[in-house]
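Participant: missing the sequence, but the structure's below:
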């Protein structure tokens, strides 16, 4: 059964994501605002269960998380008047993961948002390094 | 019912991916080698159906494609003695997508593979721009 967004707190690795930061949730996954967005509408989608790696997820969790990301991506793209999305998992420390809890970066992309298209990833990394406890 | 890898050709946007390039396949998805890998083991996972955007996929396609990517990611990470993965969809032209057909980049990540972690994305873009018809 689906849960309502904003009903309860979640764990994001060692941190707490407060109910008011969670704008969409299902039984197995939740979507929340990134405290240091690198573009307007930059959000994260995670499994509710705290696991570090994508391969740790059950088939039900993979499915649920990516179907939520699909809905969330369509919503933020429309809301932020974008026409593309960057969808990325930094799966493990050597891929730039800083919080040991699977999460999808969902970023609405608009013309000219970065001088070079892929500077978005440098910005994600710089943002993660400045992150403060939630 | 699952199909066997290497049995048939696929369309990747306007291009043909030949059976011998396909190393894993399900009924709805297929995995194939990237002609211009930016790291050893850089592969792509796509829906069999030619659609440009992630939001065009049915729930069954999203599920099937990401479960295949999970299996493929675990396999290439092990085979290439990596310990992390970059998993990314450039969903639309403004996100760097060059072939109008949904595809997940799966890249095994190893210590020191790029001087700066996120140079992997510049390399993906540079590779796509050099791509030749399959």
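Facilitator: Arrived safely, thanks for sending. In this text the structure is predicted, and so the values were computed from the model without any measurement.
Participant: going forward, measure contacts and count neighbours with C-alpha atoms only.
Facilitator: Will do.
Participant: chain neighbours aside, what residue packs nearest to residue A:96?
Facilitator: residue A:90 (5.6 Å; CA to CA, 6 or more residues apart in numbering or on different chains).
Participant: surely the one you found and residue B:89 touch.
Facilitator: No - using CA atoms under 8 Å, residue A:90 is not in contact with residue B:89, being 12.0 Å away.
Participant: name the SS class of the residue lying farthest from the centre of chain A, please.
Facilitator: Centroid-distance maximum for chain A: residue A:115 at 23.1 Å, with CA atoms, centre = their mean. Using DSSP: H, G, I helix; E, B strand; the rest coil, the structure places residue A:115 in coil.
Participant: what about it, distance to residue A:38?
Facilitator: 13 Å (CA to CA, to the nearest Å).
Participant: got the contact list for the lengthiest strand in chain A?
Facilitator: What stands out as the longest strand in chain A, according to DSSP state E, is strand A:84-91. Applying CA atoms under 8 Å, 6 or more residues apart in numbering or on different chains, the contact partners of strand A:84-91 are A:52-54, A:73, A:77, A:96-97, A:102-110, B:84-95.
Participant: averaged pLDDT, that strand. What do you get?
Facilitator: For strand A:84-91, mean pLDDT rounds to 98.
Participant: the very next helix or strand once past that strand packs against which elements?
Facilitator: Next along the chain after strand A:84-91, taking DSSP states H and E as the criterion, comes strand A:104-109. Where contact means 3 or more CA pairs under 8 Å, 6 or more residues apart in numbering or on different chains; DSSP states H and E, strand A:104-109 is packed against strand A:43-47, helix A:59-79, strand A:84-91.
Participant: now do strand A:104-109, average pLDDT.
Facilitator: Strand A:104-109 comes out at a mean pLDDT of 97.
Participant: sheet-wise, list the partners of that strand with their directions.
Facilitator: The strands that strand A:104-109 pairs with in its sheet are strand A:43-47 (antiparallel), strand A:84-91 (antiparallel) (by DSSP bridges).
Participant: nearest to residue A:6, of those?
Facilitator: Closest of these to residue A:6 is strand A:43-47, at 14.3 Å (criterion: CA to CA).
Participant: and the closest one with helix A:59-79, angle?
Facilitator: 170 degrees (axes from the mean of the first three to the mean of the last three CA atoms, to 10 degrees).
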